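Visitor: Quick one: sequence plus predicted model below, questions after.
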Amino acid sequence: MIGIGLIMTYGVMEASSTPAFCGTCHVMAPYYDSWKTSNHSDIACVDCHIAPGITAELRKKYEAVSMVARYFTGTYGMNPWAEVEDAACLECHERRLLKGKVLFGSVLFDHGPHLTELRRGKRLRCTSCHSQIVQGSHITVTQTTCTLCHFKGQTPGEGTAECAVCHETPSTVVAAEDFEFDHGDVSRFGMDCVACHTPPSAESGGVPKERCLSCHNQPSRLERYEDGDELHLTHVTEHKVECTHCHLEIEHVVPRHLEAARTECSTCHGSGHSPQRDLYAGIGGKAVPPMPDVMFQAGIRCEGCHLDDHEGETRRAGEISCMSCHGPGYRSLFKTWGEVLDERTRSLRRQMDDTTRRLGGAALESLKDAHFNLRLVERGQGIHNYRYSLALLDASHRLMNEARSGGGLAEVRTPWTPVSYSSDCLSCHTGIEIQQGDSLGVRFSHGPHVVRSEIDCLECHTTHQQRESDGAAALTIDGSDCAACHHGQKRVCSSCHSELVESTIETDLGDFAHQAHVEEMELECSYCHGEGPLFSSPDEEVCSDCH
């Protein structure tokens, strides 16, 4: 009988040590189900929940039989609590401490410092980061714990909240809707990550005192609420208590759309309808579909462009803001945008005021939407969303003409002449028709070429991609391309070459002053250069006729 009893006892001990037996208890069912689908499904529960050692096997048997006894006597708890000591984890994963940094998603993580050094003055355990159950997964990384520890009480971008602590700068081009961004520019221009990526709030992650009452009701323990060191020693180092059981959760995510612009700027610009924010988000206009700015779609906050603290009151933005991220080429683009918007809003305002005056009282309702769009661009500073602002002004002019027709007035043309064809270039370079400057050494205006002659941008220019990948020049044409058209039209030379006419150049025959020959001697350009589709350089015979 003794032998049969020993055999039965051993059988009970063996059977009760299996995971399947653990799952027979209904309070253990969710833990057992998550274990079955985890990476540890081939490891017995007791192998992790009882630390290895000389007495480990005896402890496993004893604990198993104790659980059976508690089950049949009804003395088991409804809230089971189990610990997993580091020794149990390192029995299999000891090499993790030697591997150095590993990639977890987009995060570089090193197990060594987290387990062998104090982190923010606290000794961590494996289960400090690897939760016992997270959304149905068994012993997996609890990212909210990482975020809480790294960001609580930290200034964004500093200390443990510095982006480079966990993230290497990506080298690839990432896309957000119709916006593309090369993260290589981050290093190239010394950009700050938090200019685009909204950091978690440093003020969150607090511990409401009432959460202590979920586990404790002894006054002596509740009095230690302010002793953070002892609380972390007890709850984190000595026992595995989920950080978020006590702390409010900190989310480390990039918010979408409106939330991206809702920073401290809302102190002045309102938490409701802000013209700056609405314009940036591309919403609120009349008779114009939503058109969010590409920077807004990428999640770039107000502070990403508003860099300069103006007399301690407001943070201003300008061409330097664009150049700090996109390079010096954006200075001229920013200035062109500002000039186009200023000119169009001023000229449309004049037409609108004249229309309002002539329609009298009838204008109030019929011009309401037209006025709304114009005011949105004026008050919201149109450069917050250049494409949307231009669309709003076009719609405002169209709505104004509808009101004029309804009031018996003749329609008026737009006070600007846009480019009549579509081109990808115009997504940024709308308004190029007003830009003037020097090209190939002559005075040049885009207006007659892109508006009147409808010359496509790519007939003269290479794309930005070609310049970046192949090192191509910005222009694909030379002086002969211009001359083929302009000289055939018998245009006055000074219409393009006024600066050259006023200059003195160095030739094989010595210094040559154009002005003396053109104005004093009244020579036609063709006298020296000849006629025809191309320039010809004068030779000594031409000069010897006079000299």
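Guide: On my side now, so go ahead. Numbering: from 1, shown residues only.

Visitor: now residue 102, what's its secondary structure?
Guide: The three-state label given to residue 102 by DSSP: H, G, I helix; E, B strand; the rest coil is strand.

Visitor: so it touches residue 109, yeah?
Guide: Yes: the criterion here is Cβ atoms under 8 Å, and residue 102 meets it with residue 109 at 5.7 Å. Using the backbone N, CA and C atoms, a C-beta is placed for each residue, glycine as well.

Visitor: Helices of the stretch 401-547 of the chain, residue ranges please.
Guide: Assigned by DSSP state H, counting those that start in this stretch, the helices in the stretch 401-547 of the chain fall at 426-429, 446-447, 464-470, 479-486, 494-501, 514-515, 525-529, 540-544.

Visitor: OK, contacts around residue 395?
Guide: Listed by Cβ atoms under 8 Å, 6 or more residues apart in numbering, the contact partners of residue 395 are 285-288, 370, 373.

Visitor: go on, residue 377?
Guide: 279, 341, 345, 389, 392-393, 396.

Visitor: For residue 460, which non-adjacent residue is spatially closest?
Guide: residue 477 (5.1 Å; Cβ to Cβ, 6 or more residues apart in numbering).

Visitor: How about residue 394?
Guide: residue 414 (7.5 Å).

Visitor: what separates the one you found from residue 246, distance-wise?
Guide: For residue 414, the distance to residue 246 equals 63 Å [Cβ to Cβ, to the nearest Å].

Visitor: Give me the more crowded residue out of the two.
Guide: residue 246 (21 against 15; other Cβ atoms under 10 Å).

Visitor: from memory that one sits against residue 206, does it?
Guide: No: counting by Cβ under 8 Å, residue 206 is not a contact partner of residue 246; they are 9.6 Å apart.

Visitor: Between these two, which contacts overlap?
Guide: Counting by Cβ under 8 Å, 6+ apart, nothing touches both residue 246 and residue 206.

Visitor: circling back to that earlier point, how many neighbours does the residue nearest to residue 460 have?
Guide: Counted by other Cβ under 10 Å, the residues lying close to residue 477 total 14.

Visitor: per-residue confidence at it?
Guide: On pLDDT, residue 477 comes in at 73.

Visitor: need the helix or strand of the chain with the lowest average pLDDT.
Guide: Every helix and strand in the chain was compared by mean pLDDT, DSSP states H and E; the lowest is helix 258-261, with a mean of 48.

Visitor: residue contacts, residue 445?
Guide: When contacts are counted by Cβ under 8 Å, 6+ apart, residue 445 touches 435-436.

Visitor: Give me the local confidence score for it.
Guide: 76.

Visitor: go on, residue 54?
Guide: 66.

Visitor: now residue 410
Guide: For residue 410, the model assigns a pLDDT of 91.

Visitor: Give the residue spans of the stretch 301-450 of the chain that score low on pLDDT.
Guide: Along the stretch 301-450 of the chain, the parts satisfying pLDDT under 70 run over 308-314, 362-364, 437-442.

Visitor: Domain-wise, how is the protein divided?
Guide: For the chain, automatic domain parsing gives the domain ranges 2-82, 90-170+197-246, 256-415, 426-477, 494-544.

Visitor: Next, residue 286: secondary structure please.
Guide: Applying three-state DSSP: residue 286 is coil.

Visitor: Once you drop chain neighbours, what's closest to it?
Guide: residue 369 (3.8 Å).

Visitor: Would you mind finding the longest helix in this structure?
Guide: Identified as the longest helix of the chain according to DSSP state H is helix 330-359.

Visitor: That helix: which residues count as buried?
Guide: 330, 333-334, 336-338, 340-341, 344-345, 348-349, 351-352, 355-356, 359 (16 or more other Cβ atoms under 10 Å).

Visitor: Where does residue 108 sit: helix, strand or coil?
Guide: Residue 108 - assigned by three-state DSSP - is strand.

Visitor: Does it touch residue 163 like I think?
Guide: No: Residue 108 sits out of contact with residue 163 when judged by Cβ under 8 Å, with a separation of 11.1 Å.

Visitor: got the residue ranges for the helices in the stretch 101-250 of the chain?
Guide: With DSSP H, counting those that start in this stretch as the criterion, the stretch 101-250 of the chain has helices spanning 111-116, 126-129, 143-151, 163-166, 184-188, 219-222, 228-232, 243-246.

Visitor: cool, the stretch 251-400 of the chain as well?
Guide: 258-261, 266-269, 275-281, 294-297, 319-326, 330-359, 363-366, 368-379, 386-406.

Visitor: Let me have those helices in a markdown table, adding distance to residue 50 as columns.
Guide: As requested, those are arranged in a markdown table below (distance: least, Cβ to Cβ, whole Å):
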| stretch | distance to residue 50 |
| --- | --- |
| helix 258-261 | 47 |
| helix 266-269 | 54 |
| helix 275-281 | 57 |
| helix 294-297 | 53 |
| helix 319-326 | 56 |
| helix 330-359 | 63 |
| helix 363-366 | 81 |
| helix 368-379 | 68 |
| helix 386-406 | 64 |
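
Visitor: Indicate which one of those is closest to residue 88.
Guide: Nearest to residue 88, of all the helices of the stretch 251-400 of the chain, is helix 258-261, at 42.2 Å by Cβ to Cβ.

Visitor: Is there a neighbour count for residue 160? I'd like the number.
Guide: The burial count for residue 160: 14, using other Cβ under 10 Å.

Visitor: you'd agree it is up against residue 153?
Guide: No: applying Cβ under 8 Å, one finds residue 160 not in contact with residue 153, separated by 9.6 Å.
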